[in-house]
Every structure is written in C-alpha cells, then in structure tokens.
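Novice: I would like the atomic coordinates for the input below:
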Amino acid sequence: MIKTASIVFICFLLLTSFNVNKECLQIRFKNSTGKDFIELKVWTIDGDIIIHNFKNGEVSNPFSITKSYKFTYANAVTKSGIFTTPGHCITGETVYSRGEMNMEFILKPESYKNSAKENPYLFIKTTVDERVIENR
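Specialist: Below is the predicted model:
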C-alpha cells in the first residue's frame with residue numbers, strides 16, 4: 001500500500017511539474033469584446049496560439065512562451081466578421097521573458113481619414129506582473 005501511494009505521489013509530482021514552466025512567460029488572454037470568438041489566433045515569437053470557441057468574458061488558461069511584447073498580431077473570427085489588431089512597430093519596445101502577462105482583447109472604433117464610416121479593430125490592453133524581468 002505504501003509503495004503504491006509513493007508511486008502515485010511521484011507520478012503526480014512529475015506531471016504537475018511539467019504544466020507550468022517558471023522560467024518562461026505565462027500569458028493569458030481575456031475576451032472583453034462583447035462578441036464570442038469562433039477562433040482567436042494570436043501570433044507569438046514561439047508560434048501561433050489558437051483558441052476555439054472563446055466566449056465573451058472568458059479568460060484562457062495560461063500559455064508558456066519564451067518571450068513577448070505587450071502588443072502582438074491577433075485575428076478574431078466572429079459570426080459578425082473578422083477583427084484584426086492594427087500593426088504596431090515601436091522602436092525600443094520591451095521584450096518580456098518571465099512573469100505573467102494578461103492580454104485583454106477589446107473592440108475599438110477606428111476612423112479612416114477619408115471615410116465617415118467607423119471600422120472596429122481588435123485592441124489589446126496588456127498588464128504585466130511587476131516581478132517580470134525585462135530585456136531590451
């Protein structure tokens with residue numbers, strides 16, 4: 001009995017130790033757009049993260065990635081259309097490689113200079129754990 005319990009305990013420790021890598025950045029996503037996503041595709045330095053059936057108000061489980069900026073390219077497919085983050089290129093932006101990052105997706109109106117029509121785009125509001133190690 002003790003041998004079986006010991007084996008189960010060791011297996012439990014091994015399995016849970018692989019779930020979260022503390023040496024990586026833990027990133028979560030929140031859908032605050034007012035729309036359910038059929039698919040959310042987020043570009044990361046390590047590759048794409050794809051979440052299916054991501055409902056309004058939901059927060060994802062954490063994903064372990066090596067590093068990220070506060071903003072990234074993302075594409076959300078909804079019943080009413082496809083929403084995309086605008087391109088960003090900020091010189092000297094911080095790269096985060098450890099800690100926790102939360103990216104909240106919001107729809108923001110965007111006005112074009114020669115158009116009275118407002119076209120919403122996917123905006124990312126990012127918060128980063130204060131204990132994060134920052135690289136430039």
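Novice: surely residue 58 and residue 28 touch.
Specialist: No. Taking contacts as Cβ atoms under 8 Å, residue 58 lies outside contact range of residue 28: 10.4 Å. For every residue, glycine as well, the C-beta is placed using N, CA and C.
Novice: scan the protein for its longest strand.
Specialist: Under DSSP state E, the strand in the chain containing the largest number of residues is strand 99-108.
Novice: after that strand, which helix or strand is next? Please name it.
Specialist: Toward the C-terminus, strand 99-108 is succeeded by strand 121-128 as the next helix or strand (DSSP states H and E).
Novice: report the angle between the axes of that following strand and strand 99-108?
Specialist: Here strand 121-128 points in a direction 150 degrees away from that of strand 99-108 (axes from the mean of the first three to the mean of the last three Cα atoms, to 10 degrees).
Novice: packing partners of strand 121-128?
Specialist: strand 74-78, strand 81-84, strand 99-108 (3 or more Cβ pairs under 8 Å, 6 or more residues apart in numbering; DSSP states H and E).
Novice: strand partners of the first one, parallel vs antiparallel please.
Specialist: Same thing as strand 74-78. In the sheet, strand 74-78 lines up against strand 37-44 (antiparallel), strand 81-84 (antiparallel) (DSSP bridges).
Novice: do the same with the last one
Specialist: For strand 99-108, the pairing partners within the sheet under DSSP bridges are strand 25-31 (parallel), strand 121-128 (antiparallel).
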